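Novice: fold the following and give me the result.
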Amino acid sequence: MPLSQNFIKAQVPGDFNLVPIINLIPYTPDMVDAFDNVNTPDRLNIIQMVKEINIYEDITKPFISGNLTIVDANNIFEMLPIAGFERLEMQLMSPHSDNNYNFTIETGHPQYIYSVTNRKQLSQNSQVYIIHFCSQEMIRNKTTFVSRAVNNDFEQIVSDLLHNDLESKKALFFEKTNSKHKLILPYANPLHHINHICEKSQSIHHLSGNYLFYENINGFHYRSLQSLTNKSDGEPRVNVNGFVYSPKRPHIRSGGDEQLEYEMSRIKEFEVKKQFNTIDRLTGGAFCSEMVTHDILFKKFKALSYNYNKDFQLNAQMDPHSALPTFPFDARGNAFEDLHSRRYFRSNTSSLFHLKDSTDTISTAPEEEIYQTMQSKNAMMNDLELDITVPGFLGLSAGEVIEVELPRYQGALPDGTEDRDKKLSGKYLIKAIRHIVELGQRGGHDMILSLRKDAFNQRLPSTDANTFTASEKTEDIMIDVREL
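Specialist: Numbers count the residues shown, from 1 in each chain. Below is the predicted model:
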């Protein structure tokens, strides 16, 4: 299956280039045709049966996955012994981008079929079902176990687990951690060890930890959440693209590239799946928390407090303004950031396992001192969930930052007033992407982007007035029900 040449110019929004071959490669030889060269795998091209392709990327999931919707009038289950050990081969490209999903044997990384679901009859001679596929590394992780001692940088340990134990040929994009570490890796899958290392990793550039391990169109990534939203100097990352929700324009032939560019940046649909959830933020320690540590060696306890608004400027954010306004919440005048809603307990052992630098001092803060910041960042990033549907383009991947503009929905506006929701608009991190490719004459490529943000580009109003306790009716008495 040779590499196809990608076309350069898009004709309509959501244009794509799919090599006209989608191959199923069986695990048994000579099931399709007989080949003289025993090293040449058999292939069954099912592209005429494929109605839709879905490919998923997610920074909270380690591997790429996807599925094919099949309309089958030939019953390929009689032609191939499909049992979940087949490989899938195809190549998907889009114009104006060098990125492509190359799932070929010769030049890329074929996927593994692991499930067939929703198989049902369409007519007397046809059926429909969904074939699910995933990265080869996902299958290898289930059949590989690691048990050894290691002493190296965390990024090198992760690389060894990925490239040696999982035998991956894909690139690893990493963010450098702070020091070398000694670890005992007990008998477990490579991904189990990688996830454990992510929990312990600290960046040399950012205060909080919160490392992620995920795969996107470019390869695997081992990096902190803050590195996705901010550069190493703390400045917000420049958005790689921008999308605006606006009415669809009628196609103007003379518009040419300008019309196409407009349509490519237009949000077709959007849904604010969650604007905020105060209970989740309190439970996650987003605003205020306490860390209690126990030093076993010196038999000492220490309590560390985290205050979101106080520490806001110390931590890199996507936008300049806090997502928590300041106001009195209780009768004593405490704000949310003054009230501990989460308590953590940890053993203070970080200094025992961190190697020291040339000045004989620990190069970064102990692990327990950044844990609260990490948990707060997690809670805030999951607080606002926005999904947008846009024309498909492989130049975007999970983990990148984009700019989004949403309307105000405020009816008639005075002249000169910007029809833009200043709070919801702004920079967003792409948490996940679902590529939807429909085949056929009316086919096209759309993307559903799942977006997150941790701050706003407009300051929320603050006040010293207490509108909570002063307006509550006092009924703090006990009433014996026998008197009723």
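
Novice: could you pull out the helices for the stretch 301-450 of the chain?
Specialist: 350-353, 367-381 (DSSP state H, counting those that start in this stretch).

Novice: shaky segments in this structure?
Specialist: Within the chain, the stretches with pLDDT under 70 are 1-9, 29-41, 247-257, 348-369, 410-418, 470-471, 483-484.

Novice: so which residue is dead centre in it?
Specialist: Closest residue to the average C-alpha location of the chain: residue 59 at 2.5 Å, with CA atoms, centre = their mean.

Novice: wait, doesn't it sit right on residue 214?
Specialist: Yes: between residue 59 and residue 214 a contact is recorded at 4.7 Å, counting by CB atoms under 8 Å. (Each C-beta comes from the backbone N, C-alpha and C, glycine too.)

Novice: what sits in contact with each of those two?
Specialist: 221, 398, 399 (CB atoms under 8 Å, 6 or more residues apart in numbering).

Novice: mind listing what residue 13 touches?
Specialist: Here residue 13 is in contact with 260, 263, 264, 266, 391, 444 (criterion: CB under 8 Å, 6+ apart).

Novice: tell me the one among those residues nearest to residue 48.
Specialist: Nearest to residue 48, judged by CB to CB, of these is residue 444 at 18.2 Å.

Novice: how many neighbouring residues does that closest one have?
Specialist: Using other CB atoms under 10 Å, residue 444 is surrounded by 16 other residues.

Novice: before we move on, what SS does residue 28 have?
Specialist: State at residue 28, reduced to three classes by DSSP: H, G, I helix; E, B strand; the rest coil: coil.

Novice: isn't it up against residue 83?
Specialist: No: judged on CB under 8 Å, residue 28 makes no contact with residue 83 at a distance of 9.8 Å.

Novice: and residue 161, that one's in a strand?
Specialist: No: with three-state DSSP as the criterion, residue 161 is helix rather than part of a strand.

Novice: now it. Nearest residue, chain neighbours left out?
Specialist: Leaving aside its chain neighbours, residue 161 sits nearest to residue 190 (4.3 Å; criterion: CB to CB, 6 or more residues apart in numbering).

Novice: any chance of the backbone angles for that neighbour?
Specialist: Main-chain dihedrals, residue 190, degrees, to the nearest 10: phi -50, psi -40.

Novice: so what's it up against?
Specialist: With the criterion set at CB under 8 Å, 6+ apart, residue 190 makes contact with 141, 144, 146, 161, 162, 165, 166.

Novice: could I get the residues you listed as CSV with neighbour count, distance to residue 94 and secondary structure?
Specialist: Supplementary listing: the contacts of residue 190 in CSV, determined by neighbours: other CB atoms under 10 Å; distance: CB to CB, whole Å; DSSP: H, G, I helix; E, B strand; the rest coil:
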residue, neighbour count, distance to residue 94, secondary structure
141, 22, 29, helix
144, 16, 34, coil
146, 20, 38, strand
161, 25, 32, helix
162, 25, 27, helix
165, 21, 33, helix
166, 24, 28, coil
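
Novice: make CSV from those residues and add distance to residue 439 to it.
Specialist: CSV is the format used below for the contacts of residue 190 (distance: CB to CB, whole Å):
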residue, distance to residue 439
141, 31
144, 35
146, 41
161, 37
162, 33
165, 37
166, 32
